[in-house]
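Participant: Sequence plus the predicted model coming up.
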Amino acid sequence: MPERVRCFIGGKSVAGTGIEIPIIYPATEDVIGTLEEAAAAEVDAAVTAARDAFDHGPWPEMGIPRRKEVLLSMRSLLLENAEELAVLECLDTGVPIRTIRGRKMDRLTGNFELFAESLSMMAGQTYQQDRKFLTMVTHEPVGVAALIAPWNSPLSLATTKLAPCIAYGNTCVLKPSEHTPMALARMVEILHEAGLPDGVVNLVNGRGPVTGAALVEHPGVDLVSFTGGTETGRSVMSSAAGNLAPVALELGGKSANIITETADFEQALDGALLAIYSNNGQQCLAGSRILVQRSLADRFIERFVERARQIRLGDPMDPDCEMGPLAFREHFEKVLSYVDIARAEGAELLVGGKRAEGFEAGYYFEPTAVLAPSNGLRVCQEEIFGPFAAIQVYDSLEEAIAIANDTEFGLAAYVWSEDLHTITRATQALRAGTVWVNTPLVREVRAPFGGYKSSGVGRDGVRDCLDFFTEQKTTQIPVGKLSLARLGAGS
Ligand code: TXE
């Protein structure tokens, strides 16, 4: 475990000259390291190193077979070091180690594999409608990208940006969340050990309004890709506008999980619990509004509450742990505050609602659910980002669809039914970037992923990442000699 987390700039570890921030293990509240915050000077050095690697380095000019080889050797080395990375991510986040060892590590290594392979299939276009010209469209790297990562799943979400960014020949400066810096710092070292040229990936650490803001506003940044909260996303977008830097934003959600009376009840119950309580409830695509059809509401709520009570909270390093602590103190307090907000607005507390008992320390919060009388409540409209479900009862499918769409967000939606027409009607009408039918939380990483409305701008996925992380260049060449009008040559 690193005692100090520093910047990594131009292939070297560099001291941060900002403040020192304690790194806290959320399961015990022990200080387990110190983060050296990057001040504006280190941010500038990191952008300069990335610019230099873009303008003069081998990376953007490298042929695809060689770049692909480097990406695949990064993947192999990450795989070899998967256990170390998993432990660091667990210490960073408090997410159960079994979740990290499983789907998080698959995502991390899969991101490098996918974008390495996508290079093999990358092609431009030609237009030949006008027989006098050959018109070619080629993809070229854009330049220096600022990549801002969140704290709920640092390795997989940071590399969802980083892998396509560098695969398509760009260089970058990565800023992890100040709450979860360790696994990504180690990952950046591993990428270099695997043969990544210096300056292609630079790392700066620190608080959002300090290090993050300095990075996004830096005039040397050509592109900004951000994952985080909707409010921060708005400010990132307006800062990037100063440089006219294109932005991709993956923001919050308040996704509806519609349980119809035609659902496979047991599957829907398992799915609803997973959708709100996995990853300690801290995921943008959580099914945080559970809409249950009236005929099965009593039975569903009773079983849901019974199961929520039995979720095994514990030490996230224990492979049997199903739910760990929330990621940091302020976040714990934010989630807790929604219990009083819910009560004050007339919601009924069904389960949980307080710090979990039996833990001397740690940001443990009980799996919580409230029954909300209306979708207008703050617990139904605001992203809580914790193990906190708002359950509502509806009568008809059309009513459920209207409730589902009555939100400023549009990241995901879930529907559970065995009836074809229910499924087709719901999937067509739901205003969300991803709709899951009879399953929670699958990610097909090749397909677009992103949000409608305030859930984001742009999409992850192979085609959209190619569009975002490359410039398209149109080149036109005449076929044969042209006879051009001869201005100034007399008639
Ligand atoms: O996230 P922030 P916060 C949601 C969730 C959560 C809320 C607030 O609802 O409760 O956001 O969380 C960096 N310029 N999600 O405040 O601030 C910051 O350092 C540049 C949803 O912790 O969005 C970190 O690296 N960067 C979500 C990253 O932004 C700035 C994941 C995310 O932090 C910055 C996380 C600035 N001005 C929270 N301010 C998801 N979509 O999965 C902050 N940052």
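Facilitator: The structure has been received and is ready for your questions.
Participant: Could you use CA atoms for every contact and neighbour count after this?
Facilitator: Fine.
Participant: contacting residues around residue 114?
Facilitator: Applying Cα atoms under 8 Å, 6 or more residues apart in numbering, we find residue 114 in contact with residue 446.
Participant: Assign it to helix, strand or coil.
Facilitator: With DSSP: H, G, I helix; E, B strand; the rest coil as the basis, residue 114 sits in helix.
Participant: what's the answer for residue 126, then?
Facilitator: strand.
Participant: Hmm, it is touching residue 135, no?
Facilitator: Yes. Between residue 126 and residue 135 a contact is recorded at 5.4 Å, counting by Cα atoms under 8 Å.
Participant: Neighbour count for those two, which is higher?
Facilitator: residue 135 (18 against 14; other Cα atoms under 10 Å).
Participant: who does the strand or helix carrying the more buried one touch, helix- and strand-wise?
Facilitator: Assigned by DSSP states H and E, residue 135 falls within strand 133-141. On a contact count with 3 or more Cα pairs under 8 Å, 6 or more residues apart in numbering; DSSP states H and E, strand 133-141 meets strand 125-127, strand 470-478.
Participant: now do 10 Å
Facilitator: For strand 133-141, the elements it packs on are strand 125-127, helix 154-167, helix 462-469, strand 470-478, judged by 3 or more Cα pairs under 10 Å, 6 or more residues apart in numbering; DSSP states H and E.
Participant: does the closest residue to residue 363 other than its chain neighbours count as helix, strand or coil?
Facilitator: The spatial neighbour of residue 363 that comes closest, neighbours along the chain excluded (Cα to Cα, 6 or more residues apart in numbering), is residue 325 at 4.8 Å. Here residue 325 is recorded as coil under three-state DSSP.
Participant: dump the residue contacts of residue 325.
Facilitator: Going by Cα atoms under 10 Å, 6 or more residues apart in numbering, residue 325 touches 25-28, 93-96, 279-281, 313-316, 332, 355-356, 361-366, 386.
Participant: what sits against the residue nearest to the spatial centre of the chain?
Facilitator: The centroid of the chain falls nearest to residue 157 when counting by Cα atoms, centre = their mean (4.1 Å). If a contact means Cα under 10 Å, 6+ apart, then residue 157 has 104, 107, 108, 111, 148, 149, 150, 151, 226, 227, 250 as its contacts.
Participant: Residue 460 is in contact with the last one, correct?
Facilitator: Yes. Counting by Cα atoms under 10 Å, residue 250 touches residue 460, with 8.6 Å between them.
Participant: if we can go back for a sec, what angle do strand 470-478 and the strand holding residue 135 make with each other?
Facilitator: 160 degrees (axes from the mean of the first three to the mean of the last three Cα atoms, to 10 degrees).
Participant: Neighbouring strands - and their directions - for strand 133-141?
Facilitator: Sheet pairing of strand 133-141 (DSSP bridges) gives strand 125-127 (antiparallel), strand 470-478 (antiparallel).
Participant: So which bits of that strand are buried?
Facilitator: Judged by neighbour count (16 or more other Cα atoms under 10 Å), strand 133-141 contains these buried residues: 133, 135, 136, 137, 138, 139, 140, 141.
Participant: Now do the same contact list for the fifth one.
Facilitator: Just to be clear, that refers to residue 138. Contacts of residue 138 by Cα under 10 Å, 6+ apart are 122, 123, 124, 125, 126, 470, 471, 472, 473, 474, 475.
Participant: can you pull out the helices in the stretch 1-150 of the chain?
Facilitator: Ranges of helices in the stretch 1-150 of the chain, per DSSP state H, counting those that start in this stretch, are 40-56, 64-80, 82-93, 97-99, 105-120.
Participant: Check the stretch 251-400 of the chain too.
Facilitator: Using DSSP H, counting those that start in this stretch, helices in the stretch 251-400 of the chain cover 265-277, 294-310, 329-344, 378-381, 397-405.
Participant: just those: most buried one?
Facilitator: helix 378-381 (a mean of 22; mean count of other Cα atoms under 10 Å).
Participant: So which of the helices of the stretch 251-400 of the chain is nearest the ligand?
Facilitator: The ligand lies closest to helix 329-344 among those, at 6.5 Å (Cα to the nearest ligand atom).
Participant: about what we covered before: can you tell me which of the helices of the stretch 1-150 of the chain is most buried?
Facilitator: helix 82-93 (a mean of 24).
Participant: That one packs against which elements?
Facilitator: Looks like helix 82-93 contacts strand 20-25, helix 64-80, helix 97-99, helix 105-120, helix 154-167, helix 182-193 (3+ Cα pairs under 10 Å, 6+ apart).
Participant: average model confidence for the second one?
Facilitator: Taken as a whole, helix 64-80 has an average pLDDT of 97.
Participant: And that helix, what does it pack against?
Facilitator: When contacts are defined as 3+ Cα pairs under 10 Å, 6+ apart, helix 64-80 packs onto helix 82-93, helix 105-120, helix 154-167, helix 182-193.
Participant: Just the angle for it relative to helix 154-167, thanks.
Facilitator: Counting by the same axes, to 10 degrees, helix 64-80 lies at 170 degrees to helix 154-167.
Participant: Next up, the contacts around the residue in the stretch 51-200 of the chain positioned nearest to the ligand.
Facilitator: Residue of the stretch 51-200 of the chain nearest the ligand, by Cα to the nearest ligand atom: residue 177 (3.3 Å). By Cα under 10 Å, 6+ apart, the contact list for residue 177 reads 92, 148-152, 154, 158, 184, 204-208, 212, 228.
Participant: Repeat that for residue 155.
Facilitator: Contacts of residue 155 by Cα under 10 Å, 6+ apart are 85-86, 89, 100, 104-105, 107-109, 149, 176, 180-185, 187.
Participant: Roughly how far does it sit from residue 393?
Facilitator: Distance of residue 155 to residue 393, given as Cα to Cα, to the nearest Å: 37 Å.
Participant: same deal with residue 63?
Facilitator: 57 Å.
Participant: swap in residue 489?
Facilitator: 81 Å.
Participant: So residue 457 is in contact with residue 448, correct?
Facilitator: No. Here residue 457 does not reach residue 448: they are 11.8 Å apart, not a contact under Cα under 10 Å.
Participant: can you count the residues close to the closest residue to residue 58 other than its chain neighbours?
Facilitator: The shortest distance from residue 58 to any non-neighbouring residue, by Cα to Cα, 6+ apart, is to residue 197 (7.6 Å). Using other Cα under 10 Å, residue 197 has 17 other residues around it.
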